[in-house]
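# coords please:
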Amino acid sequence: MRRAPVTAVLGAVLFIISSLIGSRAFGQNSSDSRSPTVVSDEPLRVVMGKAGESAGAQKGIAAVYLIVPDLSYDAKALGLDRETIETDVQLQLRLAGVRVLSEQQSLSNPGNPYLYVDVSVAGCAAAIAVELRQNARLERNGKRAMAVTTWSAMFLETNPTAKNLRGLVKDQIDQFLKATHG
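Residues are numbered from 1 along each chain as shown. Prediction:
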């Protein structure tokens, strides 16, 4: 199975956020009354970035291979599992008219596009990354480049719930579908 390098980035970001949330910066384990404290347990959502929306490289994609990596223990503790995320995304893609291919079928699909959906949870922080990767031809020398990210979105959230994370994945797939069929 192909794995996008985004997993390492997500892990590092989640570690930093988890460390901050549990640190003195948020008033926990601190006798300093001047330390700020968390006044709400409402989720904080941060958009980390989107790419490829204006390039049009994703237009006309009628079929993709879907990769959803295994989820962490913390994600499973929230009640999430890889199969649920995969089923949610497959259904959403199919309802929009995008075929979901097996790995073998994807090898004969022009450009070999695949959608990588990563849900990472560490403590009280979560990150969701959705990437469309496909083969491309470099303009400068005409050479073929494999698995180039042509569309991506990443979200961070604190105090995640299974429902919120599934909703964020759905929202990102909606954005992907707008980019490919909008």
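
# list the buried residues in the biggest strand by length in the chain.
For the chain, the strand with the greatest residue count under DSSP state E is strand 144-158. In terms of neighbour count (16 or more other CB atoms under 10 Å), strand 144-158 has its buried residues at Ala147, Val148, Thr149, Thr150, Trp151, Ser152, Ala153, Met154, Phe155, Leu156, Glu157, Thr158. C-beta here means a position set from N, CA and C on the backbone, and glycine is covered the same way.

# so which elements touch the longest helix seen in the chain?
In the chain, ranked by residue count with DSSP state H as the criterion, the top helix is helix 162-181. Using 3 or more CB pairs under 8 Å, 6 or more residues apart in numbering; DSSP states H and E, the elements in contact with helix 162-181 are helix 82-95, strand 114-122, strand 125-137, strand 144-158.

# for the record, mean pLDDT for the first one?
Taken as a whole, helix 82-95 has an average pLDDT of 97.

# how about stretch 61-76?
94.

# Asn112 and Gln104 touch, don't they?
No - with contacts counted by CB atoms under 8 Å, Asn112 stays clear of Gln104, the gap being 11.7 Å.

# among the two, which residue is more densely surrounded?
Asn112 (17 against 8; other CB atoms under 10 Å).

# how about that one, secondary structure?
Classification of Asn112 by DSSP: H, G, I helix; E, B strand; the rest coil places it in coil.

# ramachandran angles for it?
phi 50, psi 50 (degrees, to the nearest 10).
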